[in-house]
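Visitor: here's my sequence, what's the structure:
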Amino acid sequence: MNAPVDVSFFARAAKPITSYRPYWAKRFGVAPMLPMSRAEMEKLGWDSCDIILVTGDAYVDHPSFGMAVVGRVLEAQGFRVGIIAQPDWTSAEAFKALGKPNLFWGVTAGNMDSMINRYTADRKIRSDDAYTPGDVGGKRPDRAAIVYSQRCREAFKDVPIVLGGIEGSLRRIAHYDYWSDKVRRSIVVDSKCDLLLYGNAERALVEVAHRIAAREPVEHITDVRGTAFVRRPGDPTAEGWIEIDSTDVDMPGRVEDHLNPYLTTSEQAQAQGQTCSKDDGNAAPAAANPAIQPLKFVPNPALQSKRKPPARDRSVIRLPSYEQVKSDAVLYAHANRVLHLETNPGNARALVQAHGEGATSRDVWINPPPIPLTTAEMDHVFDLPYARSPHPAYADEHGRHDGATKIPAWEMIRFSVNIMRGCFGGCTFCSITEHEGRIIQSRSEESIIKEVEDIRDKVEGFTGVVSDLGGPTANMYRLGCKSPEIEAACRKPSCVYPGICSNLTTDHGPLIKIYRRARELRGIKKVLIGSGLRYDLAIKSPEYVKELVQHHVGGYLKIAPEHTEGGPLSKMMKPGIGSYDKFKQLFEKYSEEAGKKQYLIPYFIAAHPGTSDEDMMNLAVWLKKSGFRADQVQTFYPSPMATATAMYHTNLNPLKGISRDAQRAERVDIVRGDKRRRLHKAFLRYHDPNNWPLLREALKTMGRADLIGNGKHHLIPTFQPMTDGSYQSARRKNSTPTGKSVQPAAGRLLTQHTGLPPRVTGAARPGSPVGAGKRKLR
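Guide: Numbering: from 1, shown residues only. Below is the predicted model:
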């Protein structure tokens, strides 16, 4: 089955990234590692870098790290690319380490948003950083994209700055900032970058790089999809665009033509360019007296252009200005709704948002999203010569990367393969759709298998276990719309909510084939699936569930129902708990058939917009009845630009339309304040004695004291044991001190922290020979 994206509108609308004439510097060849120092540049024979990338992550030359992908893609185009990773941002000196870039700076905060990386959902500073050697925190500044851009400008004032990465993507318009609890300006304004590339930016980046290399001024590059930039009033490059005013709500739309009641059926058809032959043959004269004629309505020529919808590819929607959304929650929610409606590359229109007033006024202009990569282009990107390891500068005294200087994020994906991009789930709390889009971009089977073989043959420490074949979602590989025309025209935020779209293909056959082929390779002991599973899609293919459960689960499988109650699930755009129950039945059935003891690990979110205290209580009761103890608890984290964040900030539901009329706008219950957030987390950890006093008080207030007692049907007991206030977090360094670990009582369900078998990652044990286990199991 061919990937739907390859036969769609998108494949025909963009220049292939492999079709550009290479830059002259391609003669220098491929670098073993992109240089991080002058000495490495000299070794490669370079006197300067054409492009210097600045990142908040340690440099790991692996296709799961954004800077490595960007660097290798640019290198394949012939450019000399250097990397400055986690520089000292207190001055501009560290940004001069590789000299002045010939073409431009490429700046990113890293694979994660720097604020989410630095702070917990309760705004507490984290002490660790998975993208830093040794898991050390504090190696990047807050709002790193802004700080790095400022230092680049200070180092070499006349060099263009091209900003990218997820931090820039999610801040391309005025946005609510959870950490300062206010609306901030677009990052294009705050960073003073020349161009922002949002989303997966290979296509835009390659075009921009070649145009700058051709000496085109960066301020003239205003027509590239997937870019945002500042436009001053009167900019001549804005001529020819038709502006659609969307700066307010509750305004009437375009008035449709009304039929002329004085015309006969035949005349009405004729006025619409049609015919009605039956009536034409039998029609009576309009009047006995030919001097008497029917009244005719003549269109007003001055209104003709207003009646016809403007061409989408030359239309730009004016959003409410920064000053408006900052002071008006209704307009903020409206702007967020419009932004999410304009995300399909097949029909999205440009957006513009004013920042400032008077002499300081400027527009942030956002071009439509980039055209997704084809399968051939995806293969090109992932087949580039990655070293698949951290830069040698991070090695310990033994020249290794798995000791004190280990980078946890690299360790996690060290033996994994990314097979696709994008997600059409549309979960409101997640930013994947805003960054990667909802069109699935899949690699070919041959490219994926080749990478598995490369891991087997070339990656040090591999023991025969592939830790993941996945992506943003485990099982969306090659899924997409059945009709290219419908795909290009669709404006739905999700293909699977409130139910799976009838136009969506759900055939897991190509994915099953890859799983089977990968596990049959010589030297591969096991292929695990570590990406999150979309179980409502999986139950459409029992054969896929059987293959997954019997061959690709390493003791436990993580899935994310997120909640059990309809209220919060409707605000998350997640399926009902019934889909989870169906998947659980299949999971247990196929596990039993294989003679394996395996466990489902469901994840839940506390304090999500639209969640009442009663909803959390019902979830806790469900957990108790199901015999599950949730040790990993995630509190809702308002990330920039997410729909759920707009709910959190405005108390309104952008999914239902926005109005100032209280009868038409849907209000959303928001969980604010530390006390209520702690209560919602406590319901998820109902089994923790530290939470029992808070839960007893809440249950009595809610009139549910019947759930307090010492029976099996009660949620919490009446007695209170001595506790030390400890808490074991999924992130070890964020845990409070713990006493002696407590083993679960007989018959209780095990969890990650109470006795589940450890998950195999494929890493070699200390002291084991490299390459051990590279044999095919029979």
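
Visitor: contacts for the host helix or strand of M115 next, please.
Guide: With elements taken from DSSP states H and E, the one containing M115 is helix 114-118. When contacts are defined by CB atoms under 8 Å, 6 or more residues apart in numbering, helix 114-118 is touched by residues 56, 110, 125-126, 129, 131, 137, 140-145, 167, 178-179, 637, 639. C-beta coordinates here come from the backbone N, C-alpha and C atoms, glycine included.

Visitor: ok, the residue most central in space within the chain - contacts?
Guide: Of all residues in the chain, the one closest to the mean position by CA atoms, centre = their mean is I432, 1.1 Å from it. With contacts defined as CB under 8 Å, 6+ apart, the neighbours of I432 are G422, C423, G425, P472.

Visitor: if you set the cut-off to 6 Å instead, what comes out?
Guide: Under the criterion of CB atoms under 6 Å, 6 or more residues apart in numbering, the neighbours of I432 are C423, P472.

Visitor: of the contacts of helix 114-118, grab the buried ones for ChimeraX.
Guide: For anyone working in ChimeraX, the buried entries among these, judged by 16 or more other CB atoms under 10 Å, can be selected with:
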select :56,110,126,129,131,137,140,141,143,144,145,167,178,637,639
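
Visitor: could you pull up phi and psi at V417?
Guide: phi -130, psi 130 (degrees, to the nearest 10).

Visitor: pLDDT wise, what is it at?
Guide: V417 is assigned 97 on the pLDDT scale.

Visitor: and for E357?
Guide: Note for E357: predicted pLDDT of 87.

Visitor: so how far is R184 from it?
Guide: Noted for E357: a distance of 17 Å to R184, by CB to CB, to the nearest Å.

Visitor: quick one, which of the two is more surrounded?
Guide: Of the pair E357 and R184, R184 is the one with more neighbours under other CB atoms under 10 Å, namely 19 against 10.

Visitor: which elements pack onto the helix or strand containing L74?
Guide: Secondary-structure assignment from DSSP H and E places L74 in helix 66-76. Contacts defined by 3 or more CB pairs under 6 Å, 6 or more residues apart in numbering; DSSP states H and E place helix 66-76 against strand 51-55, strand 81-85.

Visitor: kindly recompute the last result at 7 Å.
Guide: strand 51-55, strand 81-85, helix 202-213 (3 or more CB pairs under 7 Å, 6 or more residues apart in numbering; DSSP states H and E).

Visitor: just the angle between the first one and helix 66-76, please?
Guide: Angle, strand 51-55 to helix 66-76, by axes from the mean of the first three to the mean of the last three CA atoms, to 10 degrees: 170 degrees.

Visitor: kindly report the same for the second one.
Guide: On the basis of the same axes, to 10 degrees, strand 81-85 is oriented at 160 degrees to helix 66-76.

Visitor: counting by contacts, list what strand 81-85 packs against.
Guide: Other elements packing on strand 81-85 under the criterion 3+ CB pairs under 7 Å, 6+ apart are strand 51-55, helix 66-76.

Visitor: sheet partners, orientation included, of it?
Guide: Sheet partners assigned to strand 81-85 using DSSP bridges are listed as strand 51-55 (parallel).

Visitor: next SSE after the partner strand?
Guide: Following the chain from strand 51-55 toward its C-terminal end, the next helix or strand by DSSP H and E is strand 60-61.

Visitor: quick one: contacts of that following strand?
Guide: Taking contacts as CB atoms under 7 Å, 6 or more residues apart in numbering, the residues outside strand 60-61 that touch it are M33, A68, Y386, A387, R388, S389, P390, I407, W410.

Visitor: please narrow the residues you listed to those residing in helices.
Guide: A68, W410 (DSSP state H).

Visitor: for the nearest residue to E543 once chain neighbours are set aside, what are phi and psi?
Guide: Distances taken as CB to CB, 6 or more residues apart in numbering place I512 nearest to E543, at 6.3 Å, with adjacent residues excluded. Note on I512: backbone dihedrals following degrees, to the nearest 10 are phi -60, psi -40.

Visitor: so which of the helices and strands packed on strand 81-85 comes closest to T18?
Guide: helix 66-76 (8.2 Å; CB to CB).

Visitor: quick revisit: and the angle from the helix holding L74 to helix 202-213?
Guide: With the same axes, to 10 degrees as the criterion, the two stretches helix 66-76 and helix 202-213 enclose an angle of 50 degrees.

Visitor: what stretches of the stretch 1-150 of the chain score poorly on pLDDT?
Guide: 1-13 (pLDDT under 70).

Visitor: now the chain
Guide: By pLDDT under 70, the low-scoring segments of the chain are 1-13, 251-261, 263-265, 268, 271-291, 293, 295-308, 724-778.

Visitor: and the helices in the stretch 1-150 of the chain?
Guide: Taking DSSP state H, counting those that start in this stretch as the criterion, the stretch 1-150 of the chain contains helices spanning 38-43, 66-76, 114-118, 144-155.

Visitor: can you redo those as CSV with distance to E562?
Guide: Compiled in CSV, the helices of the stretch 1-150 of the chain are given as follows (distance: least, CB to CB, whole Å):
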stretch, distance to E562
helix 38-43, 46
helix 66-76, 27
helix 114-118, 18
helix 144-155, 29
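
Visitor: among the ones you listed, which is nearest D706?
Guide: Using CB to CB as the measure, helix 114-118 is the one of these that comes nearest D706, at 39.9 Å.

Visitor: contacts made by the helix holding L74 with the rest, please.
Guide: Residues lying outside helix 66-76 but in contact with it, judged by CB under 7 Å, 6+ apart, are 30-31, 34, 51, 53, 55, 57, 59-63, 81, 83, 106, 108, 111, 165, 202, 205-206, 209, 381, 384, 386.

Visitor: again, but for stretch 491-508
Guide: Contact partners of stretch 491-508, identified using CB under 7 Å, 6+ apart, comprise 1, 4, 340-341, 344, 347, 424-426, 438, 475, 479-483, 486, 536-537, 540-541, 544, 573, 575.

Visitor: which ones among those map onto helices?
Guide: Taking DSSP H as the definition of helices, the contacts of stretch 491-508 contribute H340, L341, I486, D536, L537, Y544.

Visitor: which one of these sits closest to I448?
Guide: Of all these, the one with the least separation from I448 (CB to CB) is Y544, at 16.4 Å.

Visitor: quick check: closest non-adjacent residue to that closest one.
Guide: Leaving aside its sequence neighbours, Y544 sits nearest to H508 (CB to CB, 6+ apart; 3.7 Å).

Visitor: and the one you found, how far is that from C423?
Guide: 16 Å.

Visitor: could you pull out the strands for the stretch 201-350 of the chain?
Guide: When assigned using DSSP state E, counting those that start in this stretch, the strands of the stretch 201-350 of the chain occupy the ranges 227-231, 242-245, 315-318, 350-355.

Visitor: how far off helix 202-213 does the first one point, in degrees?
Guide: Read it as strand 227-231. Strand 227-231 and helix 202-213 meet at an angle of 50 degrees, taking the same axes, to 10 degrees as the criterion.

Visitor: make CSV from the strands of the stretch 201-350 of the chain and add mean neighbour count to it.
Guide: As requested, those are exported to CSV (neighbours: other CB atoms under 10 Å):
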stretch, mean neighbour count
strand 227-231, 21
strand 242-245, 13
strand 315-318, 18
strand 350-355, 22
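
Visitor: just put these in TSV and tack on distance to F415.
Guide: Shown next, in TSV, are those (distance: least, CB to CB, whole Å):
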stretch	distance to F415
strand 227-231	35
strand 242-245	49
strand 315-318	45
strand 350-355	41
